[in-house]
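J.: can you look at this prediction? I've put the sequence above it.
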Amino acid sequence: DIDTSSSTNAIRLELDSNDRPRIAYGSVDDARLAYNNSGEGDEWVKIDVETDNDVGSYMSMALDGDGTAYMTHRDETNDELRHSVVYTNTVWRTDALAGTGDVSSSSPGSSIFVGDTMHVIHANATSGMLEHITQHSEGAVASVVDGEGFNVGLYTSVALDSSGHQHIAYYNSSASSLVYAKQDGTSWSVEEVDNTASVGYYPSIAIDGDDLPHIAYVDESYDYLKYAHYNGTGWEITIIDDLYYNVFDTSIAINSTGRPQIAYSISNYSSGTYEYAVRYASHDGTDWSIETAMTRASYYTQSSLDL
């Protein structure tokens with residue numbers, strides 16, 4: 001057992017580059033993160049990321065290469081989309097400052113704490129470089145991405161680009177629209193992507209090799225699976241699948257050739273028969289193709305997919 005203190009919901013699991021698990025979840029009215037850096041089954045650390053107000057629902061999470069967790073979740077009390085950066089006691093940045101030549105007899109270096117962040121200067125005997133390492137102590141930093149009285153963040157998805165900047169797709173129920181937010185290192189920029197009908201349910205976001213966002217999402221009014229891609233100057237929006245009934249969840253990934261792939265759960269009605277299935281849509285550079293990955297006999301209302 002990882003956390004038996006209360007019931008959990010909105011659970012998201014990710015593995016960092018060393019296959020260490022991080023689990024983001026809502027616990028009653030709190031947002032929490034559990035992580036294990038040792039690889040041993042019982043050595044879990046739990047962090048209360050946010051405890052004020054009714055937070056932790058509609059959870060999404062992305063990890064950088066060092067295991068730092070970037071979580072998005074909703075504050076039901078204030079109708080806000082929250083963003084939390086959770087440091088998991090791992091080194092998160094190393095900068096080479098200068099070559100030092102022969103450092104075989106050099107002393108280890110020095111360290112200083114600024115707030116909760118440790119800065120270390122040391123000589124790397126392998127590379128012959130003077131390096132600066134920064135490390136955060138365990139804990140979380142939270143901020144508001146979007147709010148101001150709007151019902152935002154009912155469904156969220158977060159991804160990181162090559163610079164470590166966060167990109168978020170989410171649903172604004174006040175405007176029934178899909179919204180995209182980007183963090184540039186100091187502040188958030190927010191823009192509306194699609195506001196035709198009631199769109200933006202179950203979004204999933206992925207970043208390509210050019211650091212451009214791709215978003216899969218649902219048009220709840222017309223039961224469409226839709227895809228939005230920012231081409232560098234504007235958003236291109238495509239209807240991928242037209243269902244008679246419901247799409248429950250989406251998951252998007254960009255393959256090695258830069259083309260999008262989308263998995264999504266459906267409940268469809270055709271020719272007098274209900275179909276409950278997971279479908280897979282892929283783009284070959286020109287057209288989309290759709291296939292059914294699995295089917296099931298019974299009705300279900302929600303799911304979680306990950307490509």
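T.: Arrived safely.

J.: where does the stretch 51-200 of the chain dip in pLDDT?
T.: Flagging of the stretch 51-200 of the chain using pLDDT under 70 yields the residue ranges 90-143, 147-151.

J.: residues near residue 18, how many?
T.: Using other Cβ atoms under 10 Å, the number of residues around residue 18 comes to 11. The way it works is simple: take the backbone N, C-alpha and C, and place the C-beta from them, glycine included.

J.: so who does it touch?
T.: If a contact means Cβ atoms under 8 Å, 6 or more residues apart in numbering, then residue 18 has residue 67 as its contacts.

J.: and it, what's its pLDDT?
T.: Turning to residue 18, the model gives it a pLDDT of 82.

J.: same thing with residue 42?
T.: In this prediction, residue 42 carries a pLDDT score of 69.

J.: which strands and helices sit next to whichever strand or helix holds residue 205?
T.: Assigned by DSSP states H and E, residue 205 belongs to strand 199-207. When contacts are defined as 3 or more Cβ pairs under 8 Å, 6 or more residues apart in numbering; DSSP states H and E, strand 199-207 sits against strand 152-160, strand 166-172, strand 177-183, strand 213-219, strand 246-254, strand 260-270.

J.: can I get those in TSV with distance to residue 87?
T.: Below are these laid out as TSV (distance: least, Cβ to Cβ, whole Å):
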stretch	distance to residue 87
strand 152-160	15
strand 166-172	15
strand 177-183	16
strand 213-219	25
strand 246-254	26
strand 260-270	31
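
J.: now render the ones you listed as a markdown table, adding distance to residue 75 and mean neighbour count.
T.: Converted to a markdown table, the helices and strands packed on strand 199-207 look like this (distance: least, Cβ to Cβ, whole Å; neighbours: other Cβ atoms under 10 Å):
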| stretch | distance to residue 75 | mean neighbour count |
| --- | --- | --- |
| strand 152-160 | 8 | 24 |
| strand 166-172 | 13 | 26 |
| strand 177-183 | 15 | 22 |
| strand 213-219 | 22 | 26 |
| strand 246-254 | 22 | 21 |
| strand 260-270 | 27 | 20 |
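
J.: quick one: closest of the ones you listed to residue 233.
T.: strand 213-219 (13.3 Å; Cβ to Cβ).

J.: sorry, back to before: strands paired with the strand holding residue 205, and their directions?
T.: If you go by DSSP bridges, strand 199-207 pairs up with strand 213-219 (antiparallel).

J.: pull the CA atoms of the partner strand into CSV?
T.: These are the backbone C-alpha positions of strand 213-219, laid out as CSV (Å, rounded to 0.1, in the frame of the first residue of the first chain):
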residue,chain,number,x,y,z
PRO,A,213,1.7,21.5,-29.5
HIS,A,214,-0.7,18.8,-30.8
ILE,A,215,-4.1,18.3,-29.0
ALA,A,216,-6.7,15.6,-29.2
TYR,A,217,-10.1,16.4,-27.7
VAL,A,218,-13.8,15.8,-27.8
ASP,A,219,-16.7,17.9,-29.2
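
J.: okay, the angle between it and strand 152-160?
T.: Counting by axes from the mean of the first three to the mean of the last three Cα atoms, to 10 degrees, strand 213-219 points 150 degrees away from the direction of strand 152-160.

J.: please enumerate residues in contact with strand 213-219?
T.: Here strand 213-219 makes contact (Cβ under 8 Å, 6+ apart) with 157, 159, 167, 169, 171, 178, 180, 182, 193-194, 196-208, 224-230, 239-240, 247, 250-252, 254, 260, 262, 264.

J.: noted, bye for now.
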